[in-house]
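Visitor: sequence unavailable; structure follows:
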Ligand SMILES: C[S@@+](CC[C@H](N)C(=O)[O-])C[C@H]1O[C@@H](n2cnc3c(N)ncnc32)[C@H](O)[C@@H]1O
């Protein structure tokens, strides 16, 4: 695939600080290469259906995009992990909200070759970057507030959301699996806050929608 010549000067830190609102989804099983079967998004692809819904919930409004938001997907499934796929609501093009078409665009991006060197970044399509980064690299490079989303955290109210104003924020969510012990210990190295949005266990994309709602209500 032809690599889009956009902002070739960006490094991982800049990719992570493009937007004021950031979501990081840790996708433990989602394929990190381009062998994603579009007819089996919730099986052989390693739950790319959930990844695609998270992208849609993070970036789409009814007739426009959330230009202040980037969603970062940490792809840990086969065959080429770890890979960080970031989609920026202001710059992305050709993205459709339906799962199959959205995943088809990401699959195309994943066919772009990416060096094994930590911190390597490529731009496969407008508004989309691929970086060679694991959770530790992301946590260390992000300059802003880290918020882990977990149903056992403290309740994120509009007032509490308002107190996050003033610096970039990253909400970290898992997929259908819990964080591994290793991931939990990486998170503890740079502690942020753990928030819940109600005590029911939601799908990742549902939690993202509620966080957006609370930030919108807080006027951030
Ligand atoms: C499907 S849930 C994870 C499943 C869960 N670990 C389990 O025991 O099956 C996906 C992610 O959405 C977020 N999430 C789900 N419900 C939430 C809630 N009530 N408050 C905050 N985050 C939530 C968390 O980040 C969670 O890891």
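Guide: Looks like it came in fine. These numbers were taken from a predicted model, which means no experiment stands behind them.

Visitor: and this structure, which of its residues are near the ligand?
Guide: Contact residues (CB under 6 Å from any ligand atom) of the chain with the ligand: 149-151, 173-174, 176, 178, 196-198, 200-204, 207. (Each C-beta comes from the backbone N, C-alpha and C, glycine too.)

Visitor: inside helices: which ones of those?
Guide: Applying DSSP state H to those, the entries found in helices are 204, 207.

Visitor: can you flag which of the residues of the chain next to the ligand belong to strands?
Guide: Here DSSP state E is the test, and the residues of the chain next to the ligand give 149, 150, 151, 173, 174, 196 as lying in strands.

Visitor: contacting residues for the residue lying closest to the first one once chain neighbours are set aside?
Guide: Counting by CB to CB, 6 or more residues apart in numbering, residue 173 is the residue found nearest to residue 149 once chain neighbours are left out, at 4.7 Å. With contacts defined as CB atoms under 8 Å, 6 or more residues apart in numbering, residue 173 is in contact with 23, 24, 25, 26, 54, 149, 204, 207, 208.

Visitor: 7 Å - rerun?
Guide: Residues counted as contacts of residue 173 (CB atoms under 7 Å, 6 or more residues apart in numbering) are 23, 25, 149, 204, 207, 208.

Visitor: most distant residue from the middle of this structure?
Guide: No residue in the chain sits farther from the centre than residue 159, which is 24.5 Å out by CA atoms, centre = their mean.

Visitor: a strand runs through that residue, doesn't it?
Guide: No. Using DSSP: H, G, I helix; E, B strand; the rest coil, the assignment for residue 159 is helix, not a strand.

Visitor: and the helices in this protein?
Guide: Using DSSP H, the helices found in the chain span residues 12-16, 48-59, 99-110, 135-141, 158-162, 181-189, 204-217.

Visitor: the third one - contacts with which helices or strands?
Guide: Where contact means 3 or more CB pairs under 7 Å, 6 or more residues apart in numbering; DSSP states H and E, helix 99-110 is packed against helix 48-59, strand 121-125.

Visitor: pLDDT on that helix, on average?
Guide: Mean pLDDT, helix 99-110: 97.

Visitor: lowest-scoring secondary structure element of the protein by mean pLDDT?
Guide: Within the chain, no helix or strand scores below helix 158-162, which has a mean of 90 by mean pLDDT, DSSP states H and E.

Visitor: show me what that helix is in contact with.
Guide: 214, 215, 217, 218, 220.

Visitor: list the contacts for the residue nearest the centre of the chain?
Guide: The residue lying closest to the centre of the chain (CA atoms, centre = their mean) is residue 72, at 2.4 Å. By CB under 7 Å, 6+ apart, the contact set of residue 72 is 22, 23, 24, 84, 86.

Visitor: many thanks, we can stop here.
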